[in-house]
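Enquirer: the following comprises the amino acid sequence and a computationally predicted model.
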Amino acid sequence: MSEPALKIYAEGRVAGKVALVTGSGRGIGRAIAHKLAAEGAKVVVNDLDPPTGDAVAAEIVAAGGQAVAVNGSVTDAGFAERFVQTAMDQFGGIDIIVNNAGYTWDATISNMTDEMFQAMMDVHLIAPFRILRAASEPIRIMAKKEAAEGREVFRKVVNISSIAGLYGNAGQASYSSAKASLVGLTRTMCKEWGRYKVNVNCVAFGLIETRLTQAIEAEQKTVDIEGKKIKVGVQPALLDTMAKMIPLGRAGKPEEAANAVYMFCSPESDYVSGQVLVCGGGILM
């Protein structure tokens, strides 16, 4: 079944805003980029694989929107500065930052290596920290100018966490720790950047249909992360059990996940900051 064509609404709720979305070549991130573009934002796309990121930017442009891709690993030295500078150079500002990039690398703690633990910290916590640090000076300068002009302009940061970061999950000591720490970063930046009129919030996803949560078939699939083959997928019986725990009775779709993120990007969230929204179909762990 083909996906519906992307429609750009020139008078959308975030029209003219500049949005940076990491990990936006596939799944939830792609849906977020499409949603923001549909509502009029100029989007800076990112993916680890250049052809994938370029394709999403091309989709947005083909639909009449504005987008540019800054590809590569969010964990690379210098990526954050390159990502932010591209937004400034191409679109003249920064209004929305969505720290979405990530993956899982699971094992029980007895089998988890230092490399596995650090990899989760690097992508889910250190990369968002670096991006926000790189954006801090441009945001300060823009906010100071707007205040001097008597204008109140709100900017948005949405960090992507997980119910594993809120409640823990067996086999995910590294992932859960990183996602829990991201909540702490969110609430700290809410207090640091409130003076600049930046709303900093967090969306914690439950079970969402992506390549990381697909049912494991006879041969388990892997994804290539910087030369490492990472196993992905969930045992079908476990997926069925998880679905039964969700009050709405099923996993969420990437577009539904994107809608939750969009709520924190819209003007309706201008007086909401430091909050964690669980997008999980009502699941309570």
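Expert: Good, I have the coordinates.

Enquirer: what are the ranges of the strands in the stretch 151-285 of the chain?
Expert: For the stretch 151-285 of the chain, applying DSSP state E, counting those that start in this stretch gives strands covering 155-162, 198-205, 222-225, 228-231, 276-279.

Enquirer: Serialize those to JSON lines and add fields for distance to residue 103 and mean pLDDT.
Expert: Yep, even glycine has a C-beta here, placed from its N, CA and C like the rest. Formatted as JSON lines, the strands of the stretch 151-285 of the chain follow (distance: least, C-beta to C-beta, whole Å; pLDDT from 0 to 100):
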{"stretch": "strand 155-162", "distance to residue 103": "12", "mean pLDDT": "98"}
{"stretch": "strand 198-205", "distance to residue 103": "13", "mean pLDDT": "98"}
{"stretch": "strand 222-225", "distance to residue 103": "6", "mean pLDDT": "85"}
{"stretch": "strand 228-231", "distance to residue 103": "6", "mean pLDDT": "84"}
{"stretch": "strand 276-279", "distance to residue 103": "19", "mean pLDDT": "98"}
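
Enquirer: which pLDDT value belongs to the most centrally placed residue in the chain?
Expert: Among the residues of the chain, the one closest to the centroid is residue 100, at 1.8 Å (C-alpha atoms, centre = their mean). Note on residue 100: pLDDT of 98.

Enquirer: my guess is residue 43 contacts residue 29. True?
Expert: No. Contact criterion C-beta atoms under 8 Å: residue 43 and residue 29 do not qualify, at 10.7 Å.

Enquirer: low-confidence ranges in the stretch 151-285 of the chain?
Expert: The stretch 151-285 of the chain contains residues with pLDDT under 70 at 218-220.

Enquirer: just the helices in it please.
Expert: Assigned helices in the stretch 151-285 of the chain, in chain order: 163-167, 173-193, 236-245, 254-265 (criterion: DSSP state H, counting those that start in this stretch).

Enquirer: can you list the buried residues in the third one?
Expert: Put plainly, it is helix 236-245. Residues 239, 242 are the ones in helix 236-245 that count as buried (16 or more other C-beta atoms under 10 Å).

Enquirer: can you list contacts of it?
Expert: Contact with helix 236-245 is made by 207, 213, 215, 216, 234, 249, 250, 251, 283, as judged by C-beta atoms under 8 Å, 6 or more residues apart in numbering.

Enquirer: so how many other residues sit close to the second one?
Expert: By that I understand residue 213. Residue 213: 18 surrounding residues under other C-beta atoms under 10 Å.

Enquirer: do the same with the fifth one
Expert: Neighbour count of residue 234, defined by other C-beta under 10 Å: 17.
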